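Participant: Have a look; sequence and predicted model below, questions after that.
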Amino acid sequence: MTVQAHVRNREGRHEVTLRTNDAEHALTIPPKPGGLGSSANGGELLFLALATCYCNDVYREAAALGIDVRGVEVEVEGTFGGVGEPARDVRYRARVSAAGAAEAEVVRLLERTDAVAEVQNTLRTGLPVRLVETAVEIVP
């Protein structure tokens, strides 16, 4: 599975396109009130990625275990320091509504999901991220 995210920003305009393999869709995020940049910061989007991954994976793992999950709520929180500092103390909470399952089964589901959630596991491994290309346009 190949995943891509593309941001195009100009004064007063902010466009986000996401793609997984051949499935592409847009995400609406307005520009900053001043016009340049995104109104959502990278930390917020990183934490959204963690919350979204866990949410989706709860449903995937529940289906594999035959648990009827009716709703998922995930909240991710952490702290960023100064410029260039990585996040620290990142933690998340999950609430799940399920039908026809014992509480212990659902707790095992949540623990299993935490163990296999791909975005969480990516961050836990300390993945290297590389800038591989740059381009410059000089305008009058």
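Facilitator: Perfect, thanks for sending it. None of the values given here were measured: they were computed from a predicted structure.

Participant: what's the spacing between residue 73 and residue 117?
Facilitator: Noted for residue 73: a distance of 15 Å to residue 117, by Cβ to Cβ, to the nearest Å. For every residue, glycine as well, the C-beta is placed using N, CA and C.

Participant: ok, now residue 140?
Facilitator: Taking Cβ to Cβ, one finds residue 140 at 48 Å from residue 117.

Participant: of the two, who's got more company?
Facilitator: Taking other Cβ atoms under 10 Å, residue 140 and residue 117 do not tie; residue 117 has more neighbours (22 against 2).

Participant: from what I can see the more buried one touches residue 52, true?
Facilitator: No: Residue 117 is beyond contact range of residue 52, at 10.0 Å (criterion: Cβ atoms under 8 Å).

Participant: sec struct for the most centrally placed residue in the chain, please.
Facilitator: By Cα atoms, centre = their mean, the chain has its centre lying nearest to residue 49, at 0.4 Å. Residue 49 carries the three-state label helix when classified by DSSP: H, G, I helix; E, B strand; the rest coil.

Participant: which stretches of the protein form helices?
Facilitator: Assigned by DSSP state H, the helices in the chain fall at 42-65, 103-116, 118-125.

Participant: Can you check what angle separates the last one from helix 103-116?
Facilitator: Using axes from the mean of the first three to the mean of the last three Cα atoms, to 10 degrees, the interaxial angle of helix 118-125 with respect to helix 103-116 works out to 60 degrees.

Participant: what packs against helix 118-125?
Facilitator: helix 42-65 (3 or more Cβ pairs under 8 Å, 6 or more residues apart in numbering; DSSP states H and E).

Participant: Just the CA coordinates for the helix it packs on, please, in CSV.
Facilitator: Only the C-alpha atoms of helix 42-65 are listed here, as CSV (Å, rounded to 0.1, in the frame of the first residue of the first chain):
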residue,chain,number,x,y,z
GLY,A,42,1.5,19.6,11.8
GLY,A,43,1.2,18.5,15.4
GLU,A,44,-2.6,18.5,15.1
LEU,A,45,-2.4,16.5,11.9
LEU,A,46,0.1,14.1,13.4
PHE,A,47,-2.2,13.5,16.3
LEU,A,48,-5.2,13.2,13.9
ALA,A,49,-3.2,10.5,12.1
LEU,A,50,-2.7,8.6,15.3
ALA,A,51,-6.4,8.9,16.3
THR,A,52,-7.6,8.0,12.8
CYS,A,53,-5.4,4.9,12.5
TYR,A,54,-6.5,3.6,15.9
CYS,A,55,-10.2,4.2,15.1
ASN,A,56,-10.0,2.5,11.8
ASP,A,57,-8.0,-0.4,13.2
VAL,A,58,-10.4,-1.0,16.0
TYR,A,59,-13.1,-1.7,13.4
ARG,A,60,-10.8,-3.9,11.4
GLU,A,61,-9.6,-5.9,14.4
ALA,A,62,-13.2,-6.2,15.8
ALA,A,63,-14.4,-7.7,12.5
ALA,A,64,-11.6,-10.2,12.6
LEU,A,65,-12.6,-11.2,16.2
